[in-house]
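Undergrad: sequence first, then the predicted structure, then my questions.
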Amino acid sequence: MARYASLPQDPVEIRTTPTVKYGYDAIAPSGCTAPALTINNGIGRRTSMCDAAAAEAWSYDAMGRAQTDRRTTNSIPPGTRSTGTTWTAPSPLLAIQAAAW
């Protein structure tokens, strides 16, 4: 029968999962300040999200494709950035326009 020396146990590391809140149907979740954005066609879709790093809001076209994405960051440098998406019929992506931070 083999004997093994007991090894010191590693210290217990406690990790917490960051809180992420989601909003649907153009209703922001409580305790969340989503970036200012006019939400189009948001019924039945995720329209906002907040976590410790940022807040984000989405607007959609009539076919349910993401049309505008606005994100406000809490990092350095803080700020708001909007991304617009242009689609052609019936669905190929034509262009993505993003503003610089």
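TA: In hand now; what should we look at? It should be emphasised that the depicted structure is a prediction, and the values quoted were computed from it without experimental measurement.

Undergrad: which stretches of the chain form strands?
TA: Taking DSSP state E as the test, the strands found in the chain are 21-24, 46-50, 54-60, 66-73, 79-87, 93-98.

Undergrad: partners of residue 81 in the sheet?
TA: Here residue 81 sits in beta bridges with residue 71, as judged by DSSP bridges.

Undergrad: nearest to residue 40, out of the strands of the chain?
TA: Using CB to CB as the criterion, the shortest distance between residue 40 and those is 4.8 Å, found for strand 54-60. In this view, the C-beta of every residue, glycine as well, is placed from N, C-alpha and C.

Undergrad: what are the buried residues along that closest one?
TA: With burial defined by 16 or more other CB atoms under 10 Å, the residues of strand 54-60 counted as buried are 54, 55, 56, 57, 58, 59, 60.

Undergrad: would you reformat the strands of the chain as CSV and include mean pLDDT?
TA: Putting the strands of the chain into CSV (pLDDT from 0 to 100) gives the following:
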stretch, mean pLDDT
strand 21-24, 93
strand 46-50, 93
strand 54-60, 91
strand 66-73, 87
strand 79-87, 76
strand 93-98, 65
